[in-house]
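# give me a model of this one.
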Amino acid sequence: MRQLTVTIPDDFYETFISFFKHIPDVSINENVENEIPLWQQEMVLERMKNAKPEDYIPIEDALKELDKKWL
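You can find the predicted model right below:
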């Protein structure tokens, strides 16, 4: 027996699962522990869309700020 990891679009999920449920000896294990909720994905995309160039800082500056805060 072989194991397969598949990434599929959310809107195709139900169709995909319903197809494989009918095959004998197939087990479906959903890994949801690392899944980012759709509401959070949408929130990040909205923030990225509304961000202005002056909102961004170079990675070097960001790392320096983090070092000040946590070291």
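
# which residues in the chain form helices?
13-21, 38-50, 59-70 (DSSP state H).

# including mean neighbour count and distance to Glu30, could the ones you listed go into a markdown table?
All C-beta atoms are positioned from the backbone trio N, CA, C, and that covers glycine. Converted to a markdown table, the helices of the chain look like this (neighbours: other C-beta atoms under 10 Å; distance: least, C-beta to C-beta, whole Å):
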| stretch | mean neighbour count | distance to Glu30 |
| --- | --- | --- |
| helix 13-21 | 10 | 9 |
| helix 38-50 | 9 | 15 |
| helix 59-70 | 9 | 34 |
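
# weakest of those by average pLDDT?
Ranked on mean pLDDT, the bottom entry among the helices of the chain is helix 13-21, at a mean of 87.

# could you export the helices of the chain as CSV, including distance to Thr5?
Formatted as CSV, these follow (distance: least, C-beta to C-beta, whole Å):
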stretch, distance to Thr5
helix 13-21, 13
helix 38-50, 20
helix 59-70, 31
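
# wait, which of these is closest to Ile28?
Nearest of the helices of the chain to Ile28, taken as C-beta to C-beta: helix 13-21 at 6.2 Å.

# who touches the closest one?
Residues from elsewhere that reach helix 13-21 (C-beta atoms under 8 Å, 6 or more residues apart in numbering): Val6, Ile8, Val26, Ile28.

# now, among those residues, which is nearest to Lys52?
For the contacts of helix 13-21, the nearest to Lys52 is Ile8 (34.9 Å; C-beta to C-beta).
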